[in-house]
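Visitor: here you go, sequence then predicted model.
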Amino acid sequence: MQPCVYILASKKNGTLYVGVTSDLIKRVWQHKNDLVEGFTKRYLVHTLVYYEIHETMEPAIAREENIKAWRRAWKIELIEKNNLEWSDLYHALL
């Protein structure tokens, strides 16, 4: 179990989704294959553009809630700090 906060995007500067999981590879795979009902499936939000690893779920959940409350511009700044091109980071995890 490796708690992570992650951001998915539909495209560069597109629709964003912030989530938390204990299994990033599995969860992103589920999003990419539309196995997760709801927002990401409805708006085709499948590209992993940002993630951060936490020691336990408690701080990961707190961080997710914090990022969700941010302005969109702050989320974009967070993404572009490490992923200027909005590349899909999923394949690097495999």
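Guide: The structure has been received and is ready for your questions. Numbering: from 1, shown residues only.
Visitor: longest helix of this structure?
Guide: Using DSSP state H, we find that the single longest helix of the chain is helix 57-69.
Visitor: what's the angle from the helix or strand following that one to helix 57-69?
Guide: The element immediately downstream of helix 57-69 (helix or strand, assigned by DSSP states H and E) is helix 72-82. Note on geometry: by axes from the mean of the first three to the mean of the last three CA atoms, to 10 degrees, helix 72-82 and helix 57-69 are set 120 degrees apart in direction.
Visitor: which strands or helices does helix 72-82 pack on?
Guide: strand 4-9, strand 16-21, strand 47-53 (3 or more CB pairs under 8 Å, 6 or more residues apart in numbering; DSSP states H and E). C-betas here are computed from N, CA, C, even on glycine.
Visitor: mean confidence for it?
Guide: Averaging pLDDT along helix 72-82 gives 98.
Visitor: who touches the longest helix of the chain?
Guide: With contact meaning CB atoms under 8 Å, 6 or more residues apart in numbering, helix 57-69 is reached by 3, 4, 5, 7, 18, 19, 20, 22, 52, 54, 75, 78.
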